[in-house]
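Student: A structural model of the following input is requested.
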Amino acid sequence: MLGSTLLLALREIRRHIMRSILTTLGIIIGVAAVVTMVTVGNGVTASVQDEISSLGASNFIIFPVRTTRGTVRPFDETDIRAVEQQIAGVKIAAGGVGASATAFYNGQDWDTRIEGGTNPLLEAQTISIGEGRAFSKDEEEAGKSVCLIGLKVRDAIFPRGASPVGERMRLGDVSCQVIGVMEERGQGGGQDDDDVVYMPLKTVQRRFRGNDNIDYFVVKYDAAYAAASIQNAMVDLLRERRLLQGDEPNDFNIIDTAQINQALGAVTGALTAMVAMIASISLLVGGIGIMNIMLVSVTERTREIGIRLAIGALAREVRLQFLTEAVVLCALGGLVGIGLAFVASIGLAAAIDVPFVFDPVINIVSFVFAAGMGIVFGYYPARRASKLDPIDALRHE
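Tutor: Next comes the predicted model:
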């Protein structure tokens, strides 16, 4: 019974193919819009989370800020060691400094960012070495002129296909030996983490900065500890070390990367849901179009309905036929919409440079919802067809 009804529904759709396409256009656009928005939204969320993750998971980043007196008090190594040794839950505390210079090699030059740090800083920020090695203990303590370069720096000044490890390059007036190439990291914290050169902390302090100041330090904490407790303990300790009185504001900021990740994920998720809800309005419009065309179909086929009822067809069989036609129309529209969304999502993700994140759940839910629209908006026309009086229907011209 159901198979025969389905075949009849497909036959009617094929007989009026152009009308069927125009009827399902609202469903197609609605499904395509919802799936595309959710897919691209998931890509944006993943991109943002990747950027935050490049700063390290379960990390605090502490940096000095300008006070009301108009000065910025930098940190020093003793502050970092105090945090590492006196606060429970701290696994790594490592400082860093920044500078900028032009990198030169074999007649090629490239303006880049220099970061001074140690192996613990690389570990805290989950920086991996793709080729070569990290700093040795002797290189860190002596402040030797060695460096790790990002992929963008490598591609900018070194010959394509040649390994830069072991070569000497120049950063401004400072010559350094390349000992490693970092793996791809992408954007992070508003800057390109592949366009960077890492050198030992003491090297950058002496050769580029001329002092022992620390621009910032990163604290990696044990996720088993409460982040808020660790942060409060750091605030108390740093205020004490920096001789801040009770009513004086902090002259430093603490950023929790885990909280940023959660907050940004919640914001992008809410925006994606809102846009998807707006886009789903077209599904409602499409459903109304389905109801409208099914009512027209009932009117056009009144005589056919009368003949079927006259020769013994049951009212529920007529109702099932028209309901099946509505569901098939909506289901086909949903399938076409999902296909268009797949193509559109890939194109939009590439255009705004975010990853394409395929979500099977939203695709299945959209298809089921589209088919359900056929039941909701097709029931009234189907019921109207089943309630026709056979004699009146046969008289219809």
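Student: where do the strands of this protein begin and end?
Tutor: 59-64, 90-105, 108-117, 129-132, 146-149, 168-171, 174-182, 187-188, 191-192, 196-200, 216-221, 252-256 (DSSP state E).
Student: output these as a markdown table; include the columns mean neighbour count and distance to Met277.
Tutor: C-beta here means a position set from N, CA and C on the backbone, and glycine is covered the same way. Converted to a markdown table, the strands of the chain look like this (neighbours: other CB atoms under 10 Å; distance: least, CB to CB, whole Å):
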| stretch | mean neighbour count | distance to Met277 |
| --- | --- | --- |
| strand 59-64 | 21 | 35 |
| strand 90-105 | 19 | 42 |
| strand 108-117 | 19 | 42 |
| strand 129-132 | 15 | 43 |
| strand 146-149 | 27 | 46 |
| strand 168-171 | 19 | 52 |
| strand 174-182 | 19 | 42 |
| strand 187-188 | 16 | 29 |
| strand 191-192 | 14 | 34 |
| strand 196-200 | 26 | 41 |
| strand 216-221 | 24 | 38 |
| strand 252-256 | 17 | 31 |
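Student: mean pLDDT lowest for which of these?
Tutor: Note on these: lowest mean pLDDT is at strand 187-188, with a mean of 62.
Student: re earlier: for the strands of the chain, which one sits closest to Gly41?
Tutor: strand 187-188 (18.2 Å; CB to CB).
Student: name the residues that touch stretch 76-90?
Tutor: 92-95, 212-214, 217, 219-222, 224-225, 229-230, 233-234, 237-238, 241 (CB atoms under 8 Å, 6 or more residues apart in numbering).
Student: CA atoms of that stretch as CSV?
Tutor: Extracted in CSV, the C-alpha atoms of stretch 76-90 (Å, rounded to 0.1, in the frame of the first residue of the first chain):
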residue,chain,number,x,y,z
ASP,A,76,61.9,40.1,36.5
GLU,A,77,63.0,36.5,36.9
THR,A,78,62.5,36.5,40.7
ASP,A,79,58.8,37.2,40.2
ILE,A,80,58.4,34.2,37.9
ARG,A,81,60.3,31.8,40.3
ALA,A,82,58.2,33.0,43.2
VAL,A,83,55.0,32.1,41.4
GLU,A,84,56.3,28.8,40.3
GLN,A,85,57.6,27.8,43.7
GLN,A,86,55.0,29.3,46.1
ILE,A,87,51.6,28.6,44.4
ALA,A,88,50.1,25.1,44.5
GLY,A,89,48.9,23.8,41.1
VAL,A,90,51.5,25.7,39.0
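Student: list the buried residues of it.
Tutor: 79-80, 82-84, 87, 89-90 (16 or more other CB atoms under 10 Å).
Student: in helices only, show me those.
Tutor: Among the buried residues of stretch 76-90, the members falling in helices (DSSP state H) are 79-80, 82-84.
Student: can you list the strands of the chain in JSON lines and add distance to Gly312?
Tutor: Output for these, formatted as JSON lines (distance: least, CB to CB, whole Å):
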{"stretch": "strand 59-64", "distance to Gly312": "76"}
{"stretch": "strand 90-105", "distance to Gly312": "80"}
{"stretch": "strand 108-117", "distance to Gly312": "84"}
{"stretch": "strand 129-132", "distance to Gly312": "77"}
{"stretch": "strand 146-149", "distance to Gly312": "84"}
{"stretch": "strand 168-171", "distance to Gly312": "91"}
{"stretch": "strand 174-182", "distance to Gly312": "79"}
{"stretch": "strand 187-188", "distance to Gly312": "70"}
{"stretch": "strand 191-192", "distance to Gly312": "76"}
{"stretch": "strand 196-200", "distance to Gly312": "81"}
{"stretch": "strand 216-221", "distance to Gly312": "78"}
{"stretch": "strand 252-256", "distance to Gly312": "74"}
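Student: give the contact list for the closest residue to Leu332 other than its chain neighbours.
Tutor: Using CB to CB, 6 or more residues apart in numbering and skipping residues adjacent in sequence, the residue nearest Leu332 is Thr24, 6.3 Å away. Thr24 is in contact with 286, 290, 329-330, 332-333, 336, counting by CB under 8 Å, 6+ apart.
Student: return the closest of the residues you listed with respect to Ala124.
Tutor: Among these, and counting by CB to CB, the member closest to Ala124 is Val336, at 49.3 Å.
Student: what's the neighbour count on that closest one?
Tutor: Look at Val336: counted by other CB atoms under 10 Å, it has 19 neighbours.
Student: just to check, it is in contact with Ile28?
Tutor: Yes: assessed by CB atoms under 8 Å, Val336 is found in contact with Ile28 at 5.0 Å.
Student: coming back round to it: mind putting the buried residues of stretch 76-90 in a markdown table, distance to Ile346 included?
Tutor: Converted to a markdown table, the buried residues of stretch 76-90 look like this (distance: CB to CB, whole Å):
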| residue | distance to Ile346 |
| --- | --- |
| Asp79 | 49 |
| Ile80 | 46 |
| Ala82 | 51 |
| Val83 | 46 |
| Glu84 | 46 |
| Ile87 | 47 |
| Gly89 | 43 |
| Val90 | 44 |
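Student: was I right to think Gly378 contacts Val328?
Tutor: No: contact criterion CB under 8 Å: Gly378 and Val328 do not qualify, at 9.6 Å.
Student: ok, these two, which is more surrounded?
Tutor: Each of Gly378 and Val328 has its neighbours counted (other CB under 10 Å); Gly378 has more, 26 against 21.
Student: who's in contact with the more buried one?
Tutor: Counting by CB under 8 Å, 6+ apart, Gly378 has contacts 290-291, 294, 322-323, 325-327, 330.
Student: among those residues, which are in helices?
Tutor: Reading helices off the contacts of Gly378 with DSSP H, I get 290-291, 294, 322-323, 325-327, 330.
Student: looking at those, spot the one nearest Trp110.
Tutor: Cys330 (56.3 Å).
Student: the residue lying closest to the closest one once chain neighbours are set aside: what's it in contact with?
Tutor: Nearest residue to Cys330 in three dimensions, chain neighbours excluded: Gly374, at 3.5 Å (CB to CB, 6+ apart). By CB under 8 Å, 6+ apart, the contact set of Gly374 is 290, 323, 326-331.
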